[in-house]
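> What follows is a protein structure lacking sequence information:
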């Protein structure tokens with residue numbers, strides 16, 4: 001493999017007059033980078049200033065054939081340091097925010113001036129502050145190809161020469177850490193938002209972990225008392241099965257999975273549904289309808305629906321969810337990255353609007369197909385574009401049996417059901433803003449169609465699969481009429497071999513909301 005070079009790149013290194021900073025600057029320069037060597041030139045306790053430290057490193061770089069310029073500004077005036085880089089080299093590609101001043105005082109002995117210094121209140125607090133700052137910069141900078149990581153070095157320097165034993169001090173060479181920093185700054189390195197520790201020729205990634213913890217109440221109606229915390233403290237602090245959290249998304253994922261059950265009516269009043277709500281349950285899992293969300297997010301992010309109709313400009317406010325199909329193909333992973341590919345397979349002209357049929361296939365990191373979705377949307381007012389009225393791509397529903405349902409289950413939705421369902425990421429104001437509902441032709445905000453579908457699938461699983469989501473294979477639903485939060489749903493079900501045909505009705509109005517007079521939704525379960 002070729003050597004990693006920094007030709008044409010500009011690196012700014014603060015505190016580069018000695019120790020780690022000097023090692024970083026020399027390595028970048030030896031690999032082709034133009035380097036701004038920043039150092040205030042003060043003593044180890046922050047007293048005084050001098051240009052000698054930075055000048056000496058610049059001279060060494062130039063003597064070895066490299067390009068460098070000195071900067072003597074304090075990091076408090078960071079904009080001046082960057083100006084030095086831009087004025088001399090026209091750009092900045094790499095920034096290593098290195099070094100601080102260690103006065104080695106306890107918190108109680110810190111002066112007011114020291115409290116205001118970035119490295120003193122207290123030294124360790126400032127270091128963890130850098131971790132938080134780096135995480136934010138990594139997230140915000142990623143979209144602009146700006147990566148940010150934290151290095152935790154243990155090296156011999158003037159700050160540690162009185163602390164470490166001489167034999168250890170001699171082995172902790174800064175030159176052994178500089179290559180780790182250089183790689184993190186190379187364009188080929190995709191690491192972002194990480195904490196990397198390095199010392200004496202070793203490097204490893206650090207991370208924050210979370211214990212499985214303990215539930216502090218037995219019922220959702222209970223409060224939490226101090227004694228509940230005391231009685232469960234051993235479980236709260238037990239790190240034997242700690243979970244690694246690489247991002248805020250991972251930290252929130254268990255909560256989002258729990259929300260999936262809660263927002264479609266799962267309740268602690270039914271012990272068998274606890275596994276849909278509690279992340280520490282031995283069989284914790286999410287409902288199959290959760291896997292519609294990644295496909296819909298990919299669909300709307302791609303603007304496929306809005307751009308599918310010839311000669312028409314369509315906004316999300318015109319789009320109604322008409323039909324949905326989901327099929328589970330492979331084993332659903334508990335973690336990892338998913339990639340969803342979307343394709344508009346048919347656009348039908350219905351006169352008053354356009355019907356857009358989109359297929360979405362979702363793959364795991366190995367490229368295996370995990371599940372597929374088909375979404376049929378109706379774009380109000382986007383018809384009369386000269387397209388075909390009928391098509392062949394829509395996955396059909398099946399004819400409803402003429403006999404009475406084999407099973408019927410009823411559950412009332414909450415008046416806050418739509419507000420709760422919005423937490424999944426569907427923020428369409430139609431479901432919570434009365435004015436937007438009126439503009440869309442409804443008297444008041446309506447419930448999400450996928451929320452109604454989630455209720456329906458959960459009740460079907462309870463009736464025919466003992467709540468075992470592993471028995472779920474596929475589901476097709478047609479949304480007929482809206483549901484208003486607070487209304488009662490009745491799911492009528494018919495079994496036909498391994499297929500469960502179902503129709504969802506609002507009890508208060510007797511309106512069919514999922515299904516239809518001749519066709520009903522259907523769900524496949526495994527034998």
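Perfect, I can see it now. For clarity, every value in this text was computed on a predicted model and none was experimentally measured. Numbering: from 1, shown residues only.
> show me what contacts residue 448?
Shown here is residue 448, whose contacts under the criterion C-beta atoms under 8 Å, 6 or more residues apart in numbering are 418, 421, 426, 428, 431. Glycine gets a C-beta too; all of them are placed from N, C-alpha and C.
> need the next SSE after the helix or strand where residue 81 lies, C-terminal direction.
For residue 81, the enclosing helix or strand under DSSP states H and E is helix 78-89. Downstream of helix 78-89, the first helix or strand assigned by DSSP H and E is strand 94-96.
> Are there helices or strands packed against that next one, and which ones?
strand 10-13, helix 19-30 (3 or more C-beta pairs under 8 Å, 6 or more residues apart in numbering; DSSP states H and E).
> now with 7 Å?
strand 10-13 (3 or more C-beta pairs under 7 Å, 6 or more residues apart in numbering; DSSP states H and E).
> Need the mean per-residue confidence for the strand it packs on.
Taken as a whole, strand 10-13 has an average pLDDT of 98.
> what do you get for stretch 309-320?
Confidence for stretch 309-320, expressed as mean pLDDT, is 77.
> need the helices for the stretch 351-500 of the chain, in chain order.
All helices of the stretch 351-500 of the chain, identified by DSSP state H, counting those that start in this stretch, fall at 417-421, 434-439, 449-464.
> circling back: residues making contact with the helix holding residue 81?
Contact with helix 78-89 is made by 10, 12, 14, 34, 36, 38, 69, 71, 73, 92, as judged by C-beta atoms under 7 Å, 6 or more residues apart in numbering.
> Pull the most distant pair out of the residues you listed.
Pairwise distances across the contacts of helix 78-89 (C-beta to C-beta) peak at 17.9 Å, for the pair 34 and 73.
> more neighbours, the two?
Relative neighbour count places residue 34 above the other of residue 34 and residue 73, with 24 against 18, counting by other C-beta atoms under 10 Å.
> just checking, that one touches residue 67?
Yes - proximity of residue 34 to residue 67 meets the contact threshold set by C-beta atoms under 7 Å, at 4.5 Å.
> Can you read off the pLDDT for residue 18?
89.
> need the contact list for the closest residue in space to it that isn't next to it in sequence.
Of all residues not flanking residue 18 in the chain, residue 53 sits nearest, at 5.9 Å (C-beta to C-beta, 6 or more residues apart in numbering). If a contact means C-beta under 7 Å, 6+ apart, then residue 53 has 17-18, 39, 41 as its contacts.
> Okay, residue 53 and residue 130: tell me how far apart.
When distance is defined by C-beta to C-beta, to the nearest Å, residue 53 is 23 Å away from residue 130.
> Kindly confirm my reading that residue 503 forms part of a helix.
No - according to DSSP: H, G, I helix; E, B strand; the rest coil, the state of residue 503 is strand, so it is not within a helix.
> how about the residue nearest to it when sequence neighbours are not counted, what does it touch?
In space, not counting the residues next to it along the chain, residue 503 is nearest to residue 515; the distance is 3.6 Å by C-beta to C-beta, 6+ apart. Taking C-beta under 7 Å, 6+ apart as the criterion, residue 515 is in contact with 400, 478, 480, 503-504, 521.
> can you do 8 Å?
Taking C-beta under 8 Å, 6+ apart as the contact definition, residue 515 lies against 397, 400, 477-478, 480, 502-504, 521.
> before we move on, what about residue 23?
Taking C-beta under 8 Å, 6+ apart as the definition of contact, the neighbours of residue 23 are 174-175, 177-178.
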